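>>> Take a look and give me a structure for this.
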Amino acid sequence: MNDTSLAGFEIADGVLWQSVQDEIVLLNTTNQEYYALDSVGARMLKLLLESPDIGAVTDCICVEYHIDANTAHSDLISLVGRLKSAVC
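Numbers count the residues shown, from 1 in each chain. Below is the predicted model of the structure:
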């Protein structure tokens, strides 16, 4: 994965997910593992599913959460890494 594009990032077919209030819960039906994202992680996931451009997602997170670009970018890369191993 490069730092500017997440083309092809999507939740696998065997993963069920649902928004619950401001969070997202995911169930990987292949390995029966359950995951939960808090409100920030849920927002990041929704933005990532809408756009494969990590720069655009980073910019949006910076504005919405009033954080610097380095922190937003680092948090996004970390989230994507965890999600790819869990539900992608």
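
>>> Tell me the pLDDT of the spatially most central residue of the chain.
Nearest to the geometric centre of the chain sits residue 45, at 2.9 Å (Cα atoms, centre = their mean). On pLDDT, residue 45 comes in at 93.

>>> Ok, residue 28 next?
The predicted local confidence for residue 28 is 92.

>>> Contacts made by the helix ranked longest in the chain with the rest, please.
Taking DSSP state H as the criterion, the chain has its longest helix at helix 69-86. Applying Cβ atoms under 8 Å, 6 or more residues apart in numbering, the external contacts of helix 69-86 come out as 1, 3, 6, 9, 11, 26, 28, 33, 35, 40-41, 44-45, 48, 54, 57-59, 61-62, 65. Placement of C-beta: from N, CA and C, glycine included.

>>> Go ahead and build a ChimeraX selection from the buried members of those residues.
Of those, the buried ones can be selected in ChimeraX as follows, counting by 16 or more other Cβ atoms under 10 Å:
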select :6,9,11,26,28,35,40,41,44,45,48,54,57,58,61,62
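
>>> How confident is the prediction for residue 8, by pLDDT?
Residue 8 is given a pLDDT of 61.

>>> again with residue 3
Note on residue 3: pLDDT of 50.
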